[in-house]
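**Q** Would you be able to build a 3D model of this:
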Amino acid sequence: MRQKSVLKAILFLFTLFTLASVAKAQAPHTPIPAEIMFGHERLDFQLILKRKFSPTSKFSLVAISIFAQNYDRDQTLGNSIVAPVQVTYNLGKSGFSLAAGAEANSKVGFMPMAGVQHVFANREILALTFINVLSNQGADGQIFGFMNTSPD
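**A** Residues are numbered from 1 along each chain as shown. Sure thing, here's the model as predicted:
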């Protein structure tokens, strides 16, 4: 019985180290910018994900999650969630893409959208700009921009 336990432990460790070496051999992904801020009255969270479907694909997924919640459940002013998700098609090396998706918003609800996206990225700067038309009752427009810097 004890011999089986030792054999299982050795097999588990061997598998773990093998998977770790395979993971190191693959190309690393770019980091996912995520922020969480704890204040004296509320919590704020933001996550931005932009990934190609495959390394050679012209299609990518962009998902942004912005969340704010007061600690006091009776105070609802300021509570919000905005979560746009888009599939984009890259138009070339200029950074422009066509985008289509939807946005879930705690104030307005669910809205399909389509538009154009521009991305500029290097080791120090990530800049995303979206210009969308929302297909809600008024067919509103939306401009959203994000810029993240990480100087060396």
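**Q** Leaving out chain neighbours, which residue sits closest to the spatially most central residue of the chain?
**A** Centre of the chain computed as the mean C-alpha position; nearest residue by Cα atoms, centre = their mean is Leu49, 2.0 Å away. Nearest residue to Leu49, sequence neighbours excluded (Cβ to Cβ, 6 or more residues apart in numbering): Ala63, at 4.5 Å. Quick note: C-beta positions are derived from backbone N, CA and C, even for glycine.
**Q** Would you mind measuring from the one you found to Phe38?
**A** Per Cβ to Cβ, to the nearest Å, Ala63 is found 23 Å from Phe38.
**Q** the more surrounded of the two?
**A** Ala63 (16 against 9; other Cβ atoms under 10 Å).
**Q** Which pLDDT value does the model give the more buried one?
**A** You'll see Ala63 listed with a pLDDT of 86.
**Q** Helix or strand with the lowest mean pLDDT in the chain?
**A** helix 2-25 (a mean of 51; mean pLDDT, DSSP states H and E).
**Q** partners of the residue nearest to Leu49 in the sheet?
**A** Leu49, Val85 (DSSP bridges).
**Q** Enumerate every residue touching it.
**A** Leu47, Ile48, Leu49, Ala83, Pro84, Val85, Gln86 (Cβ atoms under 8 Å, 6 or more residues apart in numbering).
**Q** can you list the weak-confidence ranges in this structure?
**A** Low-confidence segments of the chain (pLDDT under 70): 1-30, 136-139, 152.
**Q** immediately after the least confident helix or strand of the chain, which helix or strand?
**A** strand 34-38 (DSSP states H and E).
**Q** Tell me the helices and strands packed up against that next one.
**A** strand 42-52 (3 or more Cβ pairs under 8 Å, 6 or more residues apart in numbering; DSSP states H and E).
**Q** What helices and strands are in contact with the strand it packs on?
**A** strand 34-38, strand 59-70.
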